[in-house]
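Colleague: got a predicted structure plus its sequence, pasted below:
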Amino acid sequence: MAKPVYALVGPDPFLQLQKMKEVLAALPADAQRTDLDGERAELADVLDELRSFAMFGSGKVVVLRNADAFLTRFREQLEDYVASPSNSGTLILRLDSLPSNQRIYKAIAKVGHIEPCTPPKDLARWVVAQAKGAHGATIAPDAAAMLVELVGDDLGRLDTELAKLALSSEDGRIDAESVSGGVAFQRERQMWDMTNELACGRTAEALKKWRQLIQLDSSAEFRAVTWLGMWLENVRKAVAMKRKGLQPFAICQQLRIWPREIQGPFFQTAESLGEAGAARATDLLADVDLRSKSGLGDAASNVERFILQIGQMNA
């Protein structure tokens, strides 16, 4: 039975999205969904959506990303709502953290559900399980360890690489040679270099690397939105972490901003964009994704337009 409130708690967006998919699957198929940004949404926006009548569905679903900021601003009001939630609306909170000793934690646990979204400590074991469960493939333990070493602890990227390796395997088995020989890592590294140029405010170089990527691998246009979204998420987190007093070096370690020489320019770009700029850039990227999927311009040109828009915002 669906709950009125769900809290997806943890730093990993891939796990949050996985859990959110499970929550949405348990709701009526025609539930009317609204996505809001917790850093900008007002309390009335959220409550009105949850309590209003769904004209074209059997209920309302409000997904609040960056909900930590919303909780900070409206903690008491949210506690009051959770104590007596709408019987026709479902609130999904995407949170980086929610300490169990807080009243709001206990209130949500009483009427709703709290789902941890923290990456597992043994990533190689997770890779083995994910390969079998999500992609119907068997990956050798040494190959799983190599994949983690190459990709890092980003579960979204690990899952993406597993999908590619599973598709390219003739018998559904993935060994270390398949992982090390995959050209995808070379392309992902080039994509990383492109976003690094963008993070440093070097728009012309970012455009150059993007055009080179498209010439070498036309499928890059379909991965660009994911990578640019990851970069914007790092910008947003860096601004928030610095506001809390963390030092740049510690932030870079947590966000895996490397190599070291790009860290200074990355922070300059993050500060130039700020929270409002990062939010606007996220909206622009969502528009790029929508336009590309709707046939409004080709994906490569839409991404190029986005890069130029970011350059103008940093000017």
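Modeller: Noted; the coordinates are in hand.
Colleague: what about the residue lying closest to Ala238 once chain neighbours are set aside, which SS state?
Modeller: In space, and not counting its chain neighbours, Ala238 is closest to Ala270: 4.6 Å by C-beta to C-beta, 6 or more residues apart in numbering. All C-beta atoms are positioned from the backbone trio N, CA, C, and that covers glycine. Following DSSP: H, G, I helix; E, B strand; the rest coil, we place Ala270 in the helix state.
Colleague: is it true that Val127 touches Arg157?
Modeller: No: judged on C-beta atoms under 8 Å, Val127 makes no contact with Arg157 at a distance of 11.2 Å.
Colleague: for Pro99, what are its contacts?
Modeller: Pro99 is in contact with Tyr105, counting by C-beta atoms under 8 Å, 6 or more residues apart in numbering.
Colleague: element containing Trp258, please.
Modeller: In the assignment (DSSP states H and E), Trp258 maps to no helix and no strand.
Colleague: hmm, I was thinking of Leu98
Modeller: In the assignment (DSSP H and E), Leu98 maps to no helix and no strand.
Colleague: list the residues that contact the nearest residue to it once chain neighbours are set aside.
Modeller: Residue nearest to Leu98 in three dimensions, not counting chain neighbours: Val9, with 4.6 Å by C-beta to C-beta, 6+ apart. Listed by C-beta under 8 Å, 6+ apart, the contact partners of Val9 are Leu95, Asp96, Ser97, Leu98, Ile114, Glu115, Pro116, Cys117, Thr118.
Colleague: neighbour count for the residues you listed - can I get that in JSON lines?
Modeller: Output for the contacts of Val9, formatted as JSON lines (neighbours: other C-beta atoms under 10 Å):
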{"residue": "Leu95", "neighbour count": "25"}
{"residue": "Asp96", "neighbour count": "17"}
{"residue": "Ser97", "neighbour count": "11"}
{"residue": "Leu98", "neighbour count": "20"}
{"residue": "Ile114", "neighbour count": "18"}
{"residue": "Glu115", "neighbour count": "18"}
{"residue": "Pro116", "neighbour count": "12"}
{"residue": "Cys117", "neighbour count": "22"}
{"residue": "Thr118", "neighbour count": "11"}
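Colleague: what sits against Gly274?
Modeller: Going by C-beta under 8 Å, 6+ apart, Gly274 touches Val239.
Colleague: so how far is Tyr81 from it?
Modeller: Going from Gly274 to Tyr81 by C-beta to C-beta, to the nearest Å gives 30 Å.
Colleague: same check on Thr90?
Modeller: 12 Å.
Colleague: and the two? Which one has more around it.
Modeller: Counted by other C-beta atoms under 10 Å, Thr90 and Tyr81 do not tie: Thr90 has more neighbours, with 25 against 21.
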